[in-house]
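**Q** need a structure here:
(chains A and B)
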Amino acid sequence: MADQVIYAMYDDDDVLKDGAKKLVAKGVKVEEVFSPFPIHGIDPIIGVEQTRLGIFAFIYGLIGLTVATLGMRYFMVVDWPMNIGGKPNFTYLENILAFIPITFEFTVLCAAHGMAITYLLANRTIPGMKAQNPDPRTTDDRFVIELRTSQNTQFTADELESMVKGTGIVEFEQKTI
Amino acid sequence: MEFKVSNKAKVFTLALIIVGVLFTAIGVAMNVGDHHFAQKFLTNGLINSFFFFGIGLGALFFLALQYATETGWYAVVKRVIEGIAGFIPYGIGFMVLVLAVISAMKGAHIYTWMDPEVVAHDSLIQGKTAYLNIPFFWIRTVVYLGVYYMFWTGFRKRSLEEDKVGGTDIHFKNYKKGALFLVFFAVFSSTSSWDWIMSIDVHWFSTLFGWYTFSGVWVSAMVTMVMLTLYLKKLGYLPKVNDSHIHDLGKWTFAISFLWSYLWFSQYMLIWYANIGEEVTYYMMRIENFKVMYFATFLINFAFPMLLLMSREAKRHAGILTFVGLIIMIGHWLDVYMMVSAGSMGATASIGFLEIGMAVLFAGIFIRIVLTNLTKAPLTPVNHPFLDESIHHEI
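**A** Numbering: from 1, shown residues only, chains lettered A, B, ... in the order given. Prediction:
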């Protein structure tokens, strides 16, 4: 059987949230929600896994910390010892205070950029990529719930349609993919 | 729900007070012949008065901040904040008492600038007498404490009134008064830390000192709020407080720990880098005599909250929050100890029976007063305009 995908469009995020709650309570699996902004509290309702982005940020930060420390030690102490303002040089540890601001900056730089790039890759929203959302209006003022019949085999497509239509939607679309 | 101080809490605070008195008595007996005794005793009085008064003041500042920003989420923990801020009148009493005794004893070798004989031979202090003299010191102290007290009684009165009448008039009044308080606090938090603490190291000065002290005060207050909220929730008194509120309080603790570390480091690094004789004395003295304790304090107050409170789960976990809270509470007490005691007692400062005893005694009194304050009003505000938002707070 061909997989049917159902797009239910709402014009209010709270209505969508209530709708999603009702659907999930009946045992419907919601595949995805598209929204112009993050809807607070939607993740646990539709069962989105906890993001691992924070762990990645921590790892990128550690990389930044390590690279900054090793790099500065090499540039300032090993390769060409620098004497600035009469501070004791030739040793990293005794001058560590001077290196901390740069270490901090580089840690933040790596964590922030790494996290942003990972986020764009994971969402497949790198500039130039094909848009994932079903309708351009979900980047403006509309909110869409996506259901798939293959994930809700206990219901027929008609049953799903009537259930979705009872949740205050403004538009309904069904496609075969 | 009406809060009652449980018998367990009564016994616990009483035990703290008794242990505190006992240790203090042992400490007094050990030190009484020493000609530094009065100085040592008053130094400890100043440390603990300031530390616990600071917790109350930090809570008052936090409350004013929520008013001025018209915050919604905090409504269900508002009474917890007020319970802690309610220590302010008592803290003011302790501060006035200690400062009065010190200034009656011509500074008691703590504020050397109060002693005319010292000033006569010290050209550096002579240059500062326009600001650092006893009458002006007391004018400032009375103004700080008076303003704090007035704002606190006003906030509390309106908060209780709001429970009865509801509406939004009180909310908008609080909004204005909260913003006004922040204006006063912005100046007073800096200048009062110069007067009460920085003037102990009278030859030394740092423009960052006020913020550094204030951030320490703020963290201590946040930690107290977290632990008190968890305690009340565990006893079932705060049914409306959910994980998100705890998470938010945890985030504040985490963030303000960073603020403190950032200011500590900024002050330290700039002075280290410039390496000017007048400025480095403060750190030379502390590093030569208390190297381990001084840097350990920084590491405790920075590394513990950073590593343990970084993840989302940790900020919602009562056990981890309490553990980190207790550790950095001690860390910030040590921070105040380092500021006051190392400046006043110099190389002879040490932690013994007297120090521990007085800290425990003050902690016992503080906890008892805060818990008693909580019994005086419903633990969840009845008519706060943002109560509904706060109950549904979810992040």
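**Q** use CA for all of it now, contacts and neighbours both
**A** Fine.
**Q** ok, and the closest non-adjacent residue to residue B:43?
**A** residue B:341 (6.2 Å; C-alpha to C-alpha, 6 or more residues apart in numbering or on different chains).
**Q** Point out the other helices and strands that the helix or strand where residue B:321 lies packs with.
**A** Using DSSP states H and E, the element containing residue B:321 is helix B:318-345. For helix B:318-345, the elements it packs on are helix B:37-68, helix B:209-234, helix B:277-308, helix B:312-315, judged by 3 or more C-alpha pairs under 8 Å, 6 or more residues apart in numbering or on different chains; DSSP states H and E.
**Q** and with 10 Å instead?
**A** Counting contacts by 3 or more C-alpha pairs under 10 Å, 6 or more residues apart in numbering or on different chains; DSSP states H and E, helix B:318-345 is packed against helix B:37-68, helix B:209-234, helix B:243-274, helix B:277-308, helix B:312-315.
**Q** Flag the shaky bits of chain A, pLDDT-wise.
**A** A:1-2, A:88 (pLDDT under 70).
**Q** Pull the number of nearby residues for the residue nearest to residue B:43.
**A** Residue B:341 has 27 neighbours, counted by other C-alpha atoms under 10 Å in any protein chain shown.
**Q** for residue B:371, same thing?
**A** Neighbours around residue B:371, by other C-alpha under 10 Å: 23.
**Q** Verify the stated contact: it with residue B:85.
**A** No. Residue B:371 lies out of contact with residue B:85 (C-alpha atoms under 10 Å); the separation is 11.5 Å.
**Q** The spatially most central residue of chain A: what secondary structure?
**A** Computing the C-alpha centroid of chain A and ranking residues by C-alpha atoms, centre = their mean puts residue A:119 first, at 5.1 Å. Going by DSSP: H, G, I helix; E, B strand; the rest coil, the secondary structure assigned to residue A:119 is helix.
**Q** residues touching the closest residue to chain A within the stretch 51-200 of chain B, list them.
**A** Nearest residue of the stretch 51-200 of chain B to chain A: residue B:73, at 14.0 Å (C-alpha to the nearest C-alpha). For residue B:73, the contact set (C-alpha atoms under 10 Å, 6 or more residues apart in numbering or on different chains) comprises B:66, B:241, B:244-245, B:248, B:386-394.
**Q** Check residue B:308 too.
**A** By C-alpha under 10 Å, 6+ apart, the neighbours of residue B:308 are B:254, B:314, B:315, B:320, B:321, B:323, B:324.
**Q** Give me the phi and psi for residue B:121.
**A** Main-chain dihedrals, residue B:121, degrees, to the nearest 10: phi -110, psi 10.
**Q** average pLDDT for the helix holding residue B:321?
**A** Averaged over helix B:318-345, pLDDT sits at 94.
**Q** residues of it that come out buried?
**A** Residues of helix B:318-345 classed as buried: B:318, B:320-322, B:324-329, B:331-345 (neighbour count, 16 or more other C-alpha atoms under 10 Å in any protein chain shown).
**Q** now it: how far from the chain's centre is it?
**A** 10 Å (C-alpha atoms, centre = their mean, to the nearest Å).
**Q** quick one, it and helix B:243-274 angle?
**A** Here the directions of helix B:318-345 and helix B:243-274 differ by 30 degrees (axes from the mean of the first three to the mean of the last three C-alpha atoms, to 10 degrees).
**Q** Select only the buried ones of the contacts of residue B:73 in ChimeraX?
**A** Remark: buried members of the contacts of residue B:73, expressed as a ChimeraX selection using 16+ other C-alpha under 10 Å:
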select /B:66,241,244,245,248,386,387,389,390,391,393
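**Q** Just the ones of the contacts of residue B:73 in strands?
**A** Using DSSP state E, no member of these falls in strands.
**Q** Nearest to residue A:65, out of the contacts of residue B:73: which one, please.
**A** In terms of C-alpha to C-alpha, no member of the contacts of residue B:73 lies closer to residue A:65 than residue B:248, at 27.7 Å.
**Q** Report the contact partners of that closest one.
**A** Residue B:248 makes contact with B:73, B:74, B:226, B:254, B:315, B:316, B:395, according to C-alpha under 10 Å, 6+ apart.
**Q** Quick one: which of those residues has the lowest pLDDT value?
**A** Within the set of the contacts of residue B:248, pLDDT is lowest for residue B:395 (77).
**Q** Does that one touch residue A:41 like I think?
**A** Yes. Assessed by C-alpha under 10 Å, residue B:395 is found in contact with residue A:41 at 6.8 Å.
**Q** excluding its backbone neighbours, what's nearest whatever residue of chain A ends up closest to chain B?
**A** Closest residue of chain A to chain B, C-alpha to the nearest C-alpha: residue A:97 (6.1 Å). Spatial nearest neighbour of residue A:97, excluding adjacent residues (C-alpha to C-alpha, 6+ apart): residue B:269 at 6.1 Å.
**Q** again with residue B:76
**A** Distances taken as C-alpha to C-alpha, 6+ apart place residue B:380 nearest to residue B:76, at 5.5 Å, with adjacent residues excluded.
**Q** so the one you found touches residue B:229, yeah?
**A** No. The criterion here is C-alpha under 10 Å, and residue B:380 misses it with residue B:229 at 11.8 Å.
**Q** Identify the contacts common to the two.
**A** Contact criterion C-alpha under 10 Å, 6+ apart; residues shared by residue B:380 and residue B:229: B:77, B:79, B:80, B:237, B:238, B:241.
**Q** could you pull out the helices for the stretch 1-150 of chain B?
**A** Under the criterion DSSP state H, counting those that start in this stretch, the stretch 1-150 of chain B carries helices at the ranges B:7-31, B:37-68, B:78-85, B:88-104, B:116-120, B:123-126, B:134-165.
**Q** which ones are touching residue B:320?
**A** B:305, B:308, B:309, B:313, B:314, B:326.
**Q** which of the residues you listed lies closest to chain A?
**A** The closest of these to chain A turns out to be residue B:313 (C-alpha to the nearest C-alpha; 11.0 Å).
**Q** Can you verify my assumption that the closest one contacts residue B:247?
**A** Yes. Under the criterion of C-alpha under 10 Å, residue B:313 makes contact with residue B:247 at 8.5 Å.
**Q** Which one's more surrounded, these two?
**A** Neighbour totals were compared for residue B:313 and residue B:247, and residue B:247 leads with 22 against 12 (other C-alpha under 10 Å).
**Q** Contact partners for the more buried one?
**A** B:226, B:253, B:312, B:313, B:314, B:315, B:316, B:317, B:318, B:321, B:394, B:395.
**Q** which residue sits closest to the second one in space, ignoring its chain neighbours?
**A** The reference is to residue B:253. residue B:222 (5.6 Å).
**Q** Just give me the neighbour total for the one you found.
**A** Quick note: residue B:222 (other C-alpha under 10 Å) scores 27 neighbours.
**Q** isn't it right up against residue B:58?
**A** Yes. Taking contacts as C-alpha under 10 Å, residue B:222 lies within contact range of residue B:58: 7.7 Å.
**Q** what's the overlap in contacts for these two?
**A** B:81, B:216.
**Q** does residue A:7 count as helix, strand or coil?
**A** strand.
**Q** Test my guess that it contacts residue A:142.
**A** No. Checked against C-alpha under 10 Å, the pair residue A:7 and residue A:142 is beyond contact range at 11.8 Å.
**Q** Right, I'll call it a day here.
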